[in-house]
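In: When you get a sec, could you give me coordinates for this:
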Amino acid sequence: MGFKVHYGKDDETVNKTFCGKDYKLLNPTQFFLETFTLPKYPKNHHEFTLGIIVGTMSIGKSNMIRYLADLANRIYKDKLNAMYVKDIGAGIEGAIKYQNYVQFMAIDDAVTSGMDSRRSMSQENVSLSERFFMIRHELEDAYPAGYEIILLGTQDYEALDKRIRKNAHFTIFKNYYEEVEYKLQFDFEIIDFLKAVTDDALRKHIFEARSFCVGFTQIGDLVKLYVPEVRPADVPFIKHVDLTEKKQLITEQLITELIESQSLELGGVGAAHGFLIKRLESLEAARYIRFTDSDRTKIIYIARYRIAANSEGSNDDVKNKIKNEIRDGLKENYDWTGREGVSVIKERIRWELKDRGYDTQFLGKAFFNELIDAGQYYVYEKEQELREEKQIKEKMREAALEQQLTKMLKSS
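Out: So this is what the prediction gives:
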């Protein structure tokens, strides 16, 4: 049953005028309550509902997620976990960690979370997409029965994996873009409505317009919607569930293997990144866990630090080594006037740390401040050096003028 079946009563609609046209908007509360309500709770399997919310920044996707989570919370109350997760792997880990009858998972940027159609054959994409479609079976291994509601937020509908688009039970468009016209079945009344909503919400910054959108179901029903605003405090979300223990164990394993491989000593940071990428592709335990460029950089930093600590001795020796590297980089890679402020020094130090594979998070704030102090002292030295050079040049110029004047007097 689709949206259209549930509506038609006056008290379920809101009348709104856009660009001189009157539109009747439907409140989808009843539809979603029915969508999220199980007639009978499963005993030996997992049920599944998938929704997609499409919209650009500042268009109201977060309010849409809160609204749907609030409806699910009305039904299941303390039997519901509502989670923001960075990808489906984190969602599964969170569901296992916080076991409950119903798991409500919101993935805010699905395209960068292993569901990108343009990277459909990448190792990360294949692993996370495979895990997405196996989520019910994976959770059955942890506990026998349950219900998962998964919402995927995206700014680019076409970039989302095609299999996910085809299997969504409902899709919400918060704003217009040209490529979506075919999905809206070239219904020009709905397209014009979405264009008007987009113009009011984004160009004119009319907040009320961000409550309006267009939805369609898996069987093709199309409807114009009004979504009531929900305050963040009304929904009891477990914030940003992430992979923790398993990822930390794999991280420690990769650090040890990286040190033993001598990739850093023989090939530097580039070779270390290459080594880690290959290991992550072959490591079965890391198959469903997302390791980003930043994750690899942190692993490389820790490995470098441990290598230096073992070869150089104390932590002070390691710190002095890093300070000397950064100081040399500041000397070689930048022109200095001696008048640079702290913000410029910080930025240049960060670039030097990044180029060498060091991560400021792992260095710690105290040591980073030591680097800033060292950078400020270098700028002071440079200022003194430039001042002395200027004084020498002025003396040379005065001496040359005096010599020239003496010659002129003698010739006269």
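In: now the strands for the stretch 201-350 of the chain?
Out: Taking DSSP state E, counting those that start in this stretch as the test, the strands found in the stretch 201-350 of the chain are 212-217, 222-226, 237-241.
In: Likewise for the stretch 51-200 of the chain?
Out: Along the stretch 51-200 of the chain, the segments classed as strands by DSSP E, counting those that start in this stretch run 80-85, 102-107, 146-154, 170-173.
In: In a markdown table: those strands, plus mean pLDDT, distance to residue 206 and mean neighbour count.
Out: Yep, even glycine has a C-beta here, placed from its N, CA and C like the rest. Formatted as a markdown table, the strands of the stretch 51-200 of the chain follow (pLDDT from 0 to 100; distance: least, Cβ to Cβ, whole Å; neighbours: other Cβ atoms under 10 Å):
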| stretch | mean pLDDT | distance to residue 206 | mean neighbour count |
| --- | --- | --- | --- |
| strand 80-85 | 86 | 27 | 23 |
| strand 102-107 | 90 | 26 | 25 |
| strand 146-154 | 91 | 22 | 23 |
| strand 170-173 | 92 | 18 | 23 |
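In: a markdown table for these, including distance to residue 307?
Out: Shown next, in a markdown table, are these (distance: least, Cβ to Cβ, whole Å):
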| stretch | distance to residue 307 |
| --- | --- |
| strand 80-85 | 35 |
| strand 102-107 | 37 |
| strand 146-154 | 41 |
| strand 170-173 | 50 |
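In: Is it correct that residue 213 is in contact with residue 173?
Out: Yes - taking Cβ atoms under 8 Å as the definition, residue 213 is a contact partner of residue 173 at 6.1 Å.
In: who touches both of those two?
Out: 55, 194 (Cβ atoms under 8 Å, 6 or more residues apart in numbering).
In: For residue 226, give the beta-bridge partners.
Out: Beta-bridge partners for residue 226, by DSSP bridges, are residue 212.
In: Identify the residues contacting it.
Out: Neighbour list for residue 226: 14, 16, 25, 26, 27, 211, 212 [criterion: Cβ under 8 Å, 6+ apart].
In: Pull up the per-residue confidence for residue 296.
Out: Note on residue 296: pLDDT of 81.
In: what's the answer for residue 361, then?
Out: For residue 361, the model assigns a pLDDT of 60.
In: swap in residue 110?
Out: pLDDT recorded at residue 110 is 57.
In: now do the one 4 residues further on
Out: pLDDT, residue 114: 45.
In: swap in residue 288?
Out: Residue 288 carries a pLDDT value of 53.
In: How about residue 123?
Out: Residue 123 is assigned 46 on the pLDDT scale.
In: let's have the chain start at 23 instead
Out: Sure, I'll start counting at 23 from here, so that last one is residue 145.
In: Now for residue 51: which residues touch it?
Out: Applying Cβ under 8 Å, 6+ apart to residue 51 gives the contacts 93, 250.
In: how near is it to residue 286?
Out: Computed as Cβ to Cβ, to the nearest Å, the residue 51 to residue 286 distance reads 57 Å.
In: Check residue 193 too.
Out: Here residue 193 is placed at a distance of 47 Å from residue 286 (Cβ to Cβ).
In: ok, now residue 329?
Out: In this view, residue 329 and residue 286 are 7 Å apart by Cβ to Cβ.
In: where are the low-confidence patches of the chain?
Out: By pLDDT under 70, the weakly predicted segments of the chain are 23-33, 41, 131-151, 253-268, 288, 306-312, 330-340, 379-386, 434.
In: And it, split by domain according to the record?
Out: Split into domains by automatic domain parsing, the chain comes to 25-263, 267-402.
In: so how far is the first one from its chain's centroid?
Out: When C-alpha coordinates are averaged (Cα atoms, centre = their mean, to the nearest Å), domain 25-263 and its chain have centres 18 Å apart.
In: what's the longest helix in this structure?
Out: Determined from DSSP state H, the single longest helix within the chain is helix 387-433.
In: Return the distance of the closest residue to residue 127 other than its chain neighbours relative to residue 357.
Out: Closest residue to residue 127 apart from its sequence neighbours, by Cβ to Cβ, 6 or more residues apart in numbering: residue 113 at 4.1 Å. Counting by Cβ to Cβ, the gap from residue 113 to residue 357 is 49 Å.
In: Who has more neighbours out of those two?
Out: residue 113 (27 against 5; other Cβ atoms under 10 Å).
In: wait, what's in contact with that one?
Out: So residue 113 contacts 105, 107, 125, 127, 129, 157, 172, 263 (Cβ under 8 Å, 6+ apart).
In: Could you give the bridge partners of the second one?
Out: Beta-bridge pairing of residue 107, defined through DSSP bridges, involves residue 129, residue 263.
In: what's next to stretch 218-232, contact-wise?
Out: Contacting residues not belonging to stretch 218-232 are listed as 40-41, 43, 78, 80-82, 85, 196-198, 234-235 [Cβ under 8 Å, 6+ apart].
In: Quick one: the helices in the stretch 223-372 of the chain, in order.
Out: Along the stretch 223-372 of the chain, counting by DSSP state H, counting those that start in this stretch, helices occupy 267-283, 285-304, 315-334, 337-355, 364-377.
In: Please identify the most buried of the ones you listed.
Out: Of the helices of the stretch 223-372 of the chain, the one with the most neighbours on average (mean count of other Cβ atoms under 10 Å) is helix 315-334, at a mean of 17.
In: ok and that helix relative to helix 285-304, angle-wise?
Out: Relative orientation of helix 315-334 versus helix 285-304 (axes from the mean of the first three to the mean of the last three Cα atoms, to 10 degrees): 140 degrees.
In: Kindly provide the distance from residue 302 to residue 157.
Out: Residue 302 is 22 Å from residue 157, by Cβ to Cβ.
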